[in-house]
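1. sequence unavailable; structure follows:
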């Protein structure tokens, strides 16, 4: 679709830089308005997952493959367990390598209405500055990542292993059936 916008009239002697600025501001405002009409990322994924429930969603060498249904079910369950731990946190760090686990953490945070901030685990010395700059109160990670980076566990860290151990097969089946 093509969108046409009209701004306020400008005098004939307006310099080119000012016209360019007005056009860019008009485009930015139009885009903000357009985004308000779009469903959230979580809702878009939910709709896509329901259409492609048994199709491959993601795969990695560590954790294998996940279907859209399995990914959505795990993301919803993870968000349920994370939400009470993140009551005051607006921005949540994700200190995980690119994997299904990292994707699930990002999806769970999106479902929970939190902003996920993916942290660069290859530069552990930059973590304190990144945490301050992004105003991060909590970090989702694993003990293996912490050990590999030679970091000390802190009260800010939420370990994926602890969350996974709390999810029962019955909770998974029940959630999967509700979502399907």
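-> Right, received. Where do you want to start? No experiment lies behind these values; they were computed from the predicted model shown.

2. may I see the buried residues of the helix or strand containing residue 144?
-> Per DSSP states H and E: residue 144 is located in helix 143-148. Using 16 or more other C-beta atoms under 10 Å as the test for burial, helix 143-148 gives 145, 146. For the C-beta atoms, the positions are set from N, CA and C on the backbone; glycine is no exception.

3. following that helix, which helix or strand shows up next?
-> strand 157-159.

4. for the very next helix or strand once past that next one, which outside residues touch it?
-> For strand 157-159, the following helix or strand on the C-terminal side (DSSP H and E) is helix 160-166. For helix 160-166, the external contacting residues (C-beta atoms under 8 Å, 6 or more residues apart in numbering) are 78, 81, 82, 96, 101, 105, 140, 141, 142, 143.

5. those residues in helices, which ones?
-> The subset of the contacts of helix 160-166 located in helices under the criterion DSSP state H comprises 78, 81, 82, 101, 105, 143.

6. just the buried ones among the residues you listed, please.
-> Using 16+ other C-beta under 10 Å as the threshold, 78, 81, 82, 101, 105 are the buried ones among the ones in helices among the contacts of helix 160-166.

7. report the two of those separated the most.
-> Using C-beta to C-beta, the two most remote members of these are 81 and 101, lying 14.1 Å apart.

8. list the contacts for the most centrally placed residue in the chain?
-> In the chain, the C-alpha nearest the mean C-alpha coordinate belongs to residue 106, at 3.5 Å (C-alpha atoms, centre = their mean). Contact analysis of residue 106 by C-beta under 8 Å, 6+ apart lists 94, 116, 118.

9. and those, which of them are in strands?
-> 94, 116, 118 (DSSP state E).

10. pull the number of nearby residues for the first one.
-> Other residues within reach of residue 94 by the criterion other C-beta atoms under 10 Å amount to 22.

11. wait, what's in contact with it?
-> Residues in contact with residue 94 (C-beta under 8 Å, 6+ apart) are 102, 105, 106, 109, 116, 117, 118, 119, 139, 140, 141.
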